[in-house]
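>>> dropping a prediction and its sequence here:
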Amino acid sequence: MSAGAADPTPARRLTVLAGPTAVGKGTIAAYVRAHFPQVWLSVSMTTRKPRPGEVDGVHYHFVDEAEFDRLVEAGQFLEHATVHGAAQYGTPRGPVERALASGQLALLEIDLQGARQVKVTLPEALFVFLAPPSWEELGRRLVGRGTETAQERAVRLATAEREMAAQAEFDVVIVNDDVRRASEELVSWMRSGQAGRTG
């Protein structure tokens with residue numbers, strides 16, 4: 001396949017969005033899904049239970065541990081990790097490869113561990129870090145979400161502190177101070193073909 005400017009390689013059509021827990025990655029992905037139909041969004045697989053309002057096959061593919069482990073053994077994940085010492089998450093490889101091969105702009109919304117794995121296999125992708133307006137706001141969002149116990153929140157906040165230190169590993173940092181603005185900035189970077197990339 002040609003790798004010229006008018007025909008970017010498949011990896012250059014892939015954008016990886018990561019950031020700390022509760023920063024709003026899922027909210028940004030949902031906005032992009034609703035307002036930018038030209039962008040293909042990967043649906044991750046997880047062994048955790050659905051949260052209220054989550055739909056299997058839309059927000060995540062929900063599977064049990066045995067099925068997840070079987071797919072890991074079969075090499076069916078682009079990346080996978082155990083997050084917060086609990087549930088497993090992974091990006092199914094086949095749908096991503098098919099989307100890129102068809103010429104679509106593709107977005108992976110994943111955690112930091114997963115982003116690091118993708119960077120090893122697809123270093124030409126665009127890596128975007130979604131940051132909160134402040135550490136205090138991140139804490140408010142996590143508590144306000146109301147989906148975790150106090151102990152789970154403490155684990156997630158400790159993880160988030162480590163994740164915030166990883167911004168320098170990414171090509172672009174977008175502050176999620178407004179969902180529409182942050183989503184539009186993300187899609188603008190995707191459409192630019194990384195022309196302004198400095199990573």
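Perfect, thanks for sending it.
>>> what ranges do the strands span in the protein?
For the chain, the strands defined by DSSP state E occupy 14-18, 39-41, 45-46, 61-62, 77-82, 88-92, 105-109, 126-131, 172-175.
>>> could you dump those to a markdown table with mean neighbour count and distance to A115?
(Glycine included, C-beta is placed from N, CA and C.) As requested, the strands of the chain are exported to a markdown table (neighbours: other C-beta atoms under 10 Å; distance: least, C-beta to C-beta, whole Å):
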| stretch | mean neighbour count | distance to A115 |
| --- | --- | --- |
| strand 14-18 | 25 | 4 |
| strand 39-41 | 19 | 15 |
| strand 45-46 | 20 | 16 |
| strand 61-62 | 16 | 19 |
| strand 77-82 | 20 | 8 |
| strand 88-92 | 21 | 10 |
| strand 105-109 | 24 | 8 |
| strand 126-131 | 23 | 6 |
| strand 172-175 | 17 | 12 |
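>>> rebuild those strands as CSV, extending it with mean pLDDT and distance to R191.
Output for these, formatted as CSV (pLDDT from 0 to 100; distance: least, C-beta to C-beta, whole Å):
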stretch, mean pLDDT, distance to R191
strand 14-18, 96, 10
strand 39-41, 95, 9
strand 45-46, 96, 28
strand 61-62, 97, 28
strand 77-82, 92, 22
strand 88-92, 94, 22
strand 105-109, 95, 7
strand 126-131, 96, 11
strand 172-175, 96, 13
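>>> so which of these gets nearest A154?
strand 77-82 (17.8 Å; C-beta to C-beta).
>>> for the helix or strand of the chain with the lowest mean pLDDT, which outside residues touch it?
Among the helices and strands of the chain, helix 135-145 carries the lowest confidence by mean pLDDT, DSSP states H and E, at a mean of 78. Helix 135-145 is contacted from outside by P20, T21, A22, V23, G24, P132, E148, R153, R156, L157, A160, M164, using C-beta atoms under 8 Å, 6 or more residues apart in numbering.
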